[in-house]
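Trainee: 3D, please:
(one chain, ligands or ions: 1)
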Amino acid sequence: MSDPSLADLPELGLVSAKDGASLEALAQLAERCRACDLWERATQTVFGIGPTPAPVMLVGEQPGDREDRAGEPFVGPAGEVLDRALRDAGLDRERIFVTNVVKHFKWRPSGKRRVHEKPTKAEVRACAPWLEAELALVRPQAIVCLGATAAGALLGPDIRVSTLAGTPVASALAPLVMATLHPSAVLRAGGGDATRAAYERLAGDLRLVAERTPDARYRVPD
Ligand code: SF4
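Mentor: Next up, the predicted model:
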């Protein structure tokens, strides 16, 4: 068999996942993905990380500047907000799978900085088989869409994250599906009451997930 085109790697990854490929094998395959143009300006592919299977899967939009350099999702400022919200909710990140709908960092230059740019629908679509492949491995009891891009990709374009505080979304993807704020929305909220409200929304939704998925909670050592 000839090598598949690098543009076909997401579909190949999905088939491999359904055939029982490991997360490491999928991540290695995704390193060479060229199914959209985002790989060209990114440092590396940032694949999902965490146990497979896992009781909870968190899905963000795309890696940021720090994630692009580190090669891991949610390790920058938004990741710090997420870690705090997980702790406050009683969830153990070590037991949770964390990923993004798009696996390469999309950015534009602004002086010396690389500024986040929202991925297009076509880019989200091109990357979708990787997310589906991760889902096939993780088989989560609960999925949390962090922000509108993740919610749109997994639940459809009509989902309005702002109206869904504390409210699960009916979906065949998992027994519990939530759509909440992206942690970066807490950072962008502007301070004061707005920041507190944004954080409470995120942590409150994660608390509901903790209540319904005991396997993802922190365990107190004996
Ligand atoms: S963003 Fe996704 S589809 Fe596009 S090149 Fe990267 S891994 Fe492939």
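
Trainee: show me what the helix or strand Gly13 falls within is packed against.
Mentor: Taking DSSP states H and E as the definition, Gly13 sits inside helix 9-18. Using 3 or more CB pairs under 8 Å, 6 or more residues apart in numbering; DSSP states H and E, the elements in contact with helix 9-18 are helix 23-30, helix 121-138. Heads up, the C-betas are built off the backbone N, CA and C, glycines and all.

Trainee: and the helix or strand where Val98 lies, anywhere near the ligand?
Mentor: Taking DSSP H and E as the criterion, Val98 maps to strand 96-100. No - against the ligand, strand 96-100 shows no contacts by CB under 6 Å from any ligand atom, the least distance being 9.3 Å.

Trainee: quick one: distance of that strand to the chain centre.
Mentor: 5 Å (CA atoms, centre = their mean, to the nearest Å).

Trainee: and it, what's buried?
Mentor: 96-100 (16 or more other CB atoms under 10 Å).

Trainee: picking that back up, among the helices and strands packed on helix 9-18, which is the most enclosed?
Mentor: Mean neighbour count (mean count of other CB atoms under 10 Å) peaks for helix 121-138 among the helices and strands packed on helix 9-18, with a mean of 20.

Trainee: which other helices and strands contact that helix?
Mentor: helix 9-18, helix 23-30, strand 56-60, strand 96-100, helix 148-155.

Trainee: okay, those in CSV with mean pLDDT next?
Mentor: Putting these into CSV (pLDDT from 0 to 100) gives the following:
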stretch, mean pLDDT
helix 9-18, 96
helix 23-30, 97
strand 56-60, 98
strand 96-100, 98
helix 148-155, 97
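
Trainee: who's in contact with the residue sitting nearest the centre point of the chain?
Mentor: Nearest to the mean C-alpha position of the chain, counting by CA atoms, centre = their mean, stands Val59 at 2.4 Å. Counting by CB atoms under 8 Å, 6 or more residues apart in numbering, Val59 touches 99-101, 131, 143-146, 150, 153-154.

Trainee: try it again at 10 Å.
Mentor: By CB atoms under 10 Å, 6 or more residues apart in numbering, the contact list for Val59 reads 48, 73, 97-101, 131, 134-135, 140, 143-147, 149-151, 153-154, 179.

Trainee: can you check Val169 too?
Mentor: 143, 145, 151, 154-156, 159, 161, 176-179.

Trainee: which residue packs closest to Leu206, ignoring adjacent ones?
Mentor: Ala89 (3.6 Å; CB to CB, 6 or more residues apart in numbering).

Trainee: my guess is that neighbour contacts Arg212. True?
Mentor: No - in this structure, Ala89 is not within contact of Arg212 by CB atoms under 10 Å, at 11.4 Å.

Trainee: of those two, who's got more company?
Mentor: For Ala89 and Arg212, the more surrounded residue by other CB atoms under 10 Å is Ala89, and the numbers stand at 20 against 16.
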